[in-house]
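Let me see the structure of the following:
(one chain, ligands or ions: 1)
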Amino acid sequence: MLIPRIYLALQNGRVGHGTKVPRNINMERLRNGYLFSEICRRELEHTQKYPHAKLIKLGIGDTTEPIPDIITSAMAEHAHALSTIRGYRGYGAEQGNMELRNAIAQTFYRDMGIKANEVFVSDGAQCDISRIQMLLGSNVTVAVQDPSFPAYMDSSVIIGQSGNFKDETGKYENILYMNCGPESNFFPDLSNTPRTDIIFLCSPNNPTGHAASRQQLEQLVEFAKANGSIIIHDSAYAAYITDESPRSIFEIPGGREVAIEISSFSKFAGFTGVRLGWTVVPEELLYSNGFPVIKDYNRIVCTCFNGASSIAQAGGLACLSSDGYLAMNAVLDYYKENAKIIIDTFTSLGLKVYGGKNAPYMWVHFPGLRSWDVFNEILEKTHIITVPGTGFGPGGEGYIRVSAFGHRESVIEASRRLKNLLK
Ligand SMILES: Cc1ncc(COP(=O)(O)O)c(C=O)c1O
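This next block holds a predicted model:
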């Protein structure tokens, strides 16, 4: 086992024990590290190089503002009750507490015909993306937006839906990249999009910040229906929508027959660390053999998941109470104000800024420049972390993503530093 040992030594700077277990070929196909781990690595290098610099993080989309007390109190109360005979609870239903499933259906899907039993409460949208990939398996064809949130692509590769990564194109083989740049109004041009079994669509979109219009979503539902495809709609940022754009794919007539929706309390309620999300699988959604998708999803949830934390679910219920909902919206308004400051900053510097109106992300164009170069230059000169656009696919070249999550004074300071660098 000389070769694996040398390989390990080269990889990690230390020698390990080479087993006889082959590496999963799909893992071997994955390119580089996961985007956000790579950014963390560069951030660490930067802080080692500049230990006294005050780093401002407008990169990874992590919430920064405290969760309203009405919500944390409900979680604390639930946690305390666990230490009493009367209040103790062990495992709950894998699909989530029925009261919460009901509250989600009522709050987010009123008049859309979504029933509580179609809502599966989870520990977050990221985990649900992988559970959905497990549901779909390796034998389906997949389309993703380019640029898009990397978890769709990476989980497609891991489950075996893709071929190899091609350096020449910056793309994996056997995955359809649907260009979603400004020329197509950040939505796939369906008139020249080939059929795939699965279409991942994120709206409001991470990273471009674009919320699909009703007309765009109607076209997509029609397209999926005509092609017998399933849309996996990620609405993790729906709470940030300020205009008339639909907040759910199920607002669109026919959506129930062609779509699954993934969503989350993370960006809506600052639950990135608490962990709570949900997935809606409508009963009408059927496989080609007529079998209901919801039954298989239920099986996946019962096999791969044992239910979201009961404490997190108590928090989720509090978020959906009328006072909790109001309190959360005040936090969302704070981030939306941050977004305005960032948009004004880049716009005043003559740069084209997309997004920010319906999502906590700004997608800033640096024509003719490479996105990793822009990321490095901004980090080196201003100590601000952003995200290079190519981390979201080749369509992100020339862009950086800037997040509106941050304390106000940091956002104002970032604005000052950027104006100094780019004026
Ligand atoms: C589009 C999108 N979907 C899902 C997630 C993951 O959300 P969660 O924290 O619920 O796992 C993120 C996180 O940034 C996201 O941007």
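
For this protein, which residues are neighbours of the ligand?
In this structure, the chain approaches the ligand at residues 61, 124-126, 149, 202, 206, 234, 236, 264, 266, 272, 277, judged by C-beta under 6 Å from any ligand atom. (Glycine included, C-beta is placed from N, CA and C.)

ok, now with 8 Å
Applying C-beta under 8 Å from any ligand atom, we find that the chain lies next to the ligand at 60-62, 122-129, 149, 151, 202, 205-206, 234, 236-237, 262, 264-267, 271-272, 275-277.

any idea how the protein splits into domains?
Domain segmentation of the chain under automatic domain parsing yields 30-66+329-422, 70-322.

of those, which approaches His17 most closely?
Comparison of the domains of the chain against His17 by C-beta to C-beta identifies domain 30-66+329-422 as nearest, at 23.1 Å.

And the closest one, end to end?
Taking C-alpha to C-alpha, to the nearest Å, domain 30-66+329-422 runs 35 Å from one end to the other.

How far does that domain sit from its chain's centre?
Counting by C-alpha atoms, centre = their mean, to the nearest Å, domain 30-66+329-422 is centred 16 Å from the centre of its parent chain.

possible to save the domains of the chain as CSV with mean pLDDT?
Formatted as CSV, the domains of the chain follow (pLDDT from 0 to 100):
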stretch, mean pLDDT
domain 30-66+329-422, 95
domain 70-322, 97
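
and for stretch 40-59, what are the contacting residues?
In this structure, residues lying in contact with stretch 40-59 by C-beta atoms under 8 Å, 6 or more residues apart in numbering are 33, 36, 39, 60, 342, 379-380, 382-387, 401-406, 410-411, 413-414, 417.

please redo it, this time with the cut-off set to 7 Å
Residues outside stretch 40-59 that contact it (C-beta atoms under 7 Å, 6 or more residues apart in numbering) are 39, 379, 383-387, 402-403, 406, 410, 413-414.

before we move on, back to that, are any of the residues of the chain next to the ligand buried, and if so which?
The neighbour count (16 or more other C-beta atoms under 10 Å) marks 60-61, 122-129, 149, 151, 202, 205-206, 234, 236-237, 262, 264-267, 271-272, 275-277 as buried among these.

coming back round to it: please narrow the contacts of stretch 40-59 to those residing in strands.
Under the assignment DSSP state E, these contribute 384-385, 387, 402-403 to strands.

Contact partners for Asn338?
Residues near Asn338 by C-beta under 7 Å, 6+ apart: 404, 406, 408, 411.

list the buried ones in stretch 372-382?
For stretch 372-382, the neighbour count (16+ other C-beta under 10 Å) marks 372, 374-375, 378-379, 382 as buried.

still on that earlier bit, farthest-apart pair in the contacts of stretch 40-59, please.
Distance extremes for the contacts of stretch 40-59: the farthest pair is Ile39 and Glu413 at 20.0 Å, using C-beta to C-beta.

In terms of neighbours, single out the busier of the two.
Ile39 (21 against 17; other C-beta atoms under 10 Å).

so who does the more buried one touch?
When contacts are counted by C-beta under 7 Å, 6+ apart, Ile39 touches 59-60, 385, 387.

gap between it and Ala116?
Using C-beta to C-beta, to the nearest Å, we find Ile39 at a distance of 38 Å from Ala116.

now swap in Leu320 and tell me
Per C-beta to C-beta, Leu320 is found 13 Å from Ala116.

Check Cys127 too.
Distance of Cys127 to Ala116, computed by C-beta to C-beta: 21 Å.

same deal with Ser191?
Between Ser191 and Ala116 the computed distance is 38 Å (C-beta to C-beta).

Who has more neighbours out of the two?
Between Ser191 and Ala116, Ala116 has the larger neighbour count (other C-beta under 10 Å), namely 17 against 8.

Who are the contact partners of the more buried one?
Contacts for Ala116 were tallied using C-beta under 7 Å, 6+ apart; they are 98, 101-102, 105.

Return a selection command, for use in PyMOL, containing the buried ones of these.
Of those, the buried ones can be selected in PyMOL as follows, counting by 16+ other C-beta under 10 Å:
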select buried, resi 101+102+105
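
Could you export the contacts of Ala116 as CSV, including secondary structure?
Shown next, in CSV, are the contacts of Ala116 (DSSP: H, G, I helix; E, B strand; the rest coil):
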residue, secondary structure
Met98, helix
Arg101, helix
Asn102, helix
Ala105, helix
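
Name the nearest of the contacts of Ala116 relative to Ile252.
Nearest to Ile252 among the contacts of Ala116, counting by C-beta to C-beta, is Ala105 at 17.3 Å.

can you tell me which residues contact the residue sitting nearest the centre point of the chain?
Taking C-alpha atoms, centre = their mean, the centroid of the chain lies closest to Phe149, which sits 5.7 Å from it. Going by C-beta under 7 Å, 6+ apart, Phe149 touches 202, 206, 392.
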